[in-house]
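>>> Okay, structure incoming, though there's no sequence with it:
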């Protein structure tokens, strides 16, 4: 069930969110961003006073979450938390987090924003308890983005082109090394469909079995019921992801 706070509470939301995020991130700052429609407000990152503004390709302010200094690679995160305002009340609407891979931290600020590649996005919308969100999808959920899935397909295309070039250049029998043969192309379907799947992040399947997507109430659809629950979830998400990235970036 979506929750409501009054505007007095909302004015303190920025400070409480900043305080909570500072425990996980490197002293982030937040801004209130008003959309052209006057009833919708977003909380997002902004650059701190002592750091340059870093943006992704979607012109989103992002902050470093994890880093592997030995390999000079890092993971960055952008966020948005949306509220609907009406008279003296504010209604929690949705939030989103986007995680970006940066292959060369030393080049941040020196090259265009396309150095950042989005790899995972996390989304959640408020739920009224009776009607399932769009497509009956799990909420909160995450998506694996297309960029991490492209490497294999790109390599296969390169190998196919190499084989084709060799076949055109000569009719001689070529002695291919074992390494080349091991990476020969395979008949693999396009995997971009995987980026559209909603992977659940809070499914209560221990308590209730999964039903058809369009049938509420669904155990895979949840929503924070208070500021405290929202903060707990955001803190846990970022802390957990930070830990996982730092653990496996080193092993990559």
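Perfect, I can see it now. Since this is a predicted model, take the numbers as computed values, not measurements.

>>> if you skip the residues just before and after it, what's nearest to residue 34?
residue 41 (5.8 Å; CB to CB, 6 or more residues apart in numbering). Using the backbone N, CA and C atoms, a C-beta is placed for each residue, glycine as well.

>>> For that neighbour, grab the count of nearby residues.
Other residues near residue 41 come to 18 when the count uses other CB atoms under 10 Å.

>>> contacting residues for it?
Taking CB atoms under 8 Å, 6 or more residues apart in numbering, we find residue 41 in contact with 32, 33, 34, 35, 82, 83, 84, 85, 90.

>>> Could you report the separation of it from residue 59?
Taking CB to CB, to the nearest Å as the measure, residue 41 and residue 59 are separated by 19 Å.

>>> still on that earlier bit, out of the contacts of residue 41, which end up buried?
Neighbour-count burial (16 or more other CB atoms under 10 Å) is assigned, among the contacts of residue 41, to 82, 83, 84, 85, 90.

>>> Please identify which helix or strand holds the last one.
Secondary-structure assignment from DSSP states H and E places residue 90 in strand 89-102.

>>> Partner strands of the helix or strand that that strand is followed by and their direction?
Remark: after strand 89-102, the chain's next helix or strand is strand 117-125, criterion DSSP H and E. In the sheet, strand 117-125 lines up against strand 89-102 (antiparallel), strand 141-144 (antiparallel) (DSSP bridges).

>>> So which of the buried ones among the contacts of residue 41 sit within strands?
82, 83, 84, 85, 90 (DSSP state E).

>>> Tell me if I'm right that residue 148 and residue 119 touch.
Yes - applying CB atoms under 8 Å, one finds residue 148 in contact with residue 119, separated by 5.3 Å.
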